[in-house]
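Visitor: Could you look at this predicted model? Sequence included:
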2 protein chains.
Amino acid sequence: MAQKAARTQGTQDTEDWHSKPLQERPGFLIRRLHQIHTALFVEECAGESITPVQYSILSALDQMGVAEQIVLARAVGLDTTNVADVLARLERQKLVRRRVSKHDKRMKAVTLTQAGNALLQRVDAGAARAHERTLAALAPKDRERFMRDLAKLVVFNRDLDTMSPGVR
Amino acid sequence: MAQKAARTQGTQDTEDWHSKPLQERPGFLIRRLHQIHTALFVEECAGESITPVQYSILSALDQMGVAEQIVLARAVGLDTTNVADVLARLERQKLVRRRVSKHDKRMKAVTLTQAGNALLQRVDAGAARAHERTLAALAPKDRERFMRDLAKLVVFNRDLDTMSPGVR
DNA sequence: TAACAATCATCAGTACACGGACGAATGCCT
DNA sequence: AGGCATTCGTCCGTGTACTGATGATTGTTA
């Protein structure tokens, strides 16, 4: 499908691709924006030593109450290895608790501790500011549309990264 | 302007921020899109064992001819530690060559080898396809606007990540 | 010229991010 | 019940990404 929408100005074909400056390549800009947001997040949450990914996991946990690692992995869009890694760090800081699930002894049920919950509260405003600053260069209208497009791109490709198999 | 457009679904203030689903947070979506593009890139360049970052560095090198590590770092938006790390891998694969600069013995001048150039050629089409697929969910018009906004966001914040000091 | 600050690369340490392999537990299927 | 594929977590290895510290070199300035 979709085999040759060349011709319309931009969209040059694979030919002269590598002469395209980095600044105009989607992958490059996406990576850079990711870096920028991470830097802003850490800056806004200074003193609390937390990262965007950890914040995502804690947030998800807050919204879900209890969750197995694999459920968490799907929720935040990471593979299970990575989630286990991050959770180990969070557990070391006593922000979450992990215990073997009673129903299925293969699984580990994860919960937020009080400390975890408290951290989430403290960090909340900083996280909001970081997100706000990330998009600050766009006018409100553009910002909303940008977010919609972003969501569309992510949803469209949700099936091809990490947790490909049993999604559903 | 825009001081409390609450009510209209989105844009709530920092208050109930953490009740916002992950799927609607900029940082989350940006991270996911970055993952997706990386996955697509690797998939499209299968067999050639190369990553987007390595491709960026090789591309930059191709466009610049020769470059010191620090120049390269600024060009691709990475810190010098990371660049040195990636370059070490590329050098191990004989894709680049590093030698101490004659003018300034603190610096290392980096060049593309023939193998590096050849790899760049081979990978080019795959890289283009990956970029194309990353944005496939958007109509051409939306795609262009999205890219413009993306560039705007990155430029707006160029000074706060990594190579902050001597950038002009 | 001799002390000094700045610059560049590297090293060590930490954190994300993934694939592959493995053991334990589970569910199914005969 | 016994076998067997699947699922879940973990371990190992690789690759990005940054901070902080260190050593070598350079440029400046007293």
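Guide: Noted; the coordinates are in hand. What you see is a predicted model; the values in this text were computed from it and never measured.

Visitor: List of residues touching stretch A:52-65?
Guide: Under the contact criterion C-beta atoms under 8 Å, 6 or more residues apart in numbering or on different chains, stretch A:52-65 has outside partners A:37-38, A:41, A:45, A:50, A:67, A:71-72, A:75-76, A:78, A:83, A:86-87, A:89-90, A:95-96, A:110-112, A:116-117, A:119-120, A:123, A:127, B:18-19, B:21-22, B:27-28, B:31. (C-beta placed from N, C-alpha, C; glycine too.)

Visitor: residue ranges with poor pLDDT in chain A?
Guide: Filtered on pLDDT under 70, chain A yields the residue ranges A:1-16, A:18, A:159-168.

Visitor: Strands along that one, start to end?
Guide: Listed in chain order, the strands of chain A (DSSP state E) span A:66-68, A:96-100, A:108-112.

Visitor: can you map out the helices along chain A?
Guide: Applying DSSP state H to chain A gives helices spanning A:26-44, A:52-64, A:69-76, A:80-92, A:114-134, A:140-156.

Visitor: Dump those to CSV, plus mean neighbour count and distance to B:Ala60.
Guide: Below are the helices of chain A laid out as CSV (neighbours: other C-beta atoms under 10 Å in any protein chain shown; distance: least, C-beta to C-beta, whole Å):
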stretch, mean neighbour count, distance to B:Ala60
helix A:26-44, 22, 10
helix A:52-64, 21, 27
helix A:69-76, 20, 32
helix A:80-92, 16, 29
helix A:114-134, 18, 25
helix A:140-156, 17, 25
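
Visitor: mind giving me JSON lines with those and columns for distance to DNA strand D?
Guide: Below are those laid out as JSON lines (distance: least, C-beta to the nearest atom of the strand, whole Å):
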{"stretch": "helix A:26-44", "distance to DNA strand D": "4"}
{"stretch": "helix A:52-64", "distance to DNA strand D": "12"}
{"stretch": "helix A:69-76", "distance to DNA strand D": "3"}
{"stretch": "helix A:80-92", "distance to DNA strand D": "4"}
{"stretch": "helix A:114-134", "distance to DNA strand D": "14"}
{"stretch": "helix A:140-156", "distance to DNA strand D": "17"}
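
Visitor: quick one, which of these is nearest to A:Asp104?
Guide: Checking the helices of chain A against A:Asp104 by C-beta to C-beta gives helix A:69-76 as the closest, at 10.5 Å.

Visitor: which helices and strands does that closest one pack with?
Guide: When contacts are defined as 3 or more C-beta pairs under 8 Å, 6 or more residues apart in numbering or on different chains; DSSP states H and E, helix A:69-76 sits against helix A:52-64, helix A:80-92, strand A:108-112.

Visitor: Out of those, which is closest to B:Lys152?
Guide: helix A:52-64 (21.3 Å).

Visitor: do that closest one and DNA strand C meet?
Guide: Yes. Counting by C-beta under 7 Å from any atom of the strand, DNA strand C is contacted by helix A:52-64 at A:53-54.

Visitor: how big is the angle separating that helix from helix A:26-44?
Guide: Inter-element angle recorded for helix A:52-64 and helix A:26-44: 80 degrees (by axes from the mean of the first three to the mean of the last three C-alpha atoms, to 10 degrees).

Visitor: could you give the angle of helix A:52-64 to strand A:96-100?
Guide: Going by the same axes, to 10 degrees, helix A:52-64 makes 70 degrees with strand A:96-100.

Visitor: how far does helix A:52-64 sit from the chain's center?
Guide: 10 Å (C-alpha atoms, centre = their mean, to the nearest Å).

Visitor: mind saving the C-alpha coords of it as PDB?
Guide: Extracted in PDB, the C-alpha atoms of helix A:52-64 (Å, rounded to 0.1, in the frame of the first residue of the first chain):
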ATOM      1  CA  PRO A  52       9.900  10.900  33.400                       C
ATOM      2  CA  VAL A  53       9.800   7.100  33.100                       C
ATOM      3  CA  GLN A  54       9.700   6.600  36.800                       C
ATOM      4  CA  TYR A  55       7.000   9.300  37.000                       C
ATOM      5  CA  SER A  56       5.000   7.500  34.300                       C
ATOM      6  CA  ILE A  57       5.200   4.200  36.200                       C
ATOM      7  CA  LEU A  58       4.200   5.800  39.500                       C
ATOM      8  CA  SER A  59       1.400   7.600  37.900                       C
ATOM      9  CA  ALA A  60       0.100   4.500  36.200                       C
ATOM     10  CA  LEU A  61       0.300   2.700  39.500                       C
ATOM     11  CA  ASP A  62      -1.600   5.500  41.200                       C
ATOM     12  CA  GLN A  63      -4.400   5.200  38.700                       C
ATOM     13  CA  MET A  64      -4.500   1.500  38.800                       C
END
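
Visitor: Tell me which of the helices of chain A lies nearest to B:Leu135.
Guide: Here helix A:26-44 is closest among the helices of chain A (C-beta to C-beta), at 5.8 Å.

Visitor: Show me the contact partners of the closest one.
Guide: With contacts defined as C-beta under 8 Å, 6+ apart, helix A:26-44 is touched by A:22-23, A:51-52, A:55, A:126-127, A:129-131, A:133-134, B:26-27, B:30-31, B:33-34, B:37-38, B:41, B:52-53, B:56, B:76-77, B:127, B:130-131, B:134-135, B:147, B:150-151, B:153-154, B:157, B:160-162.
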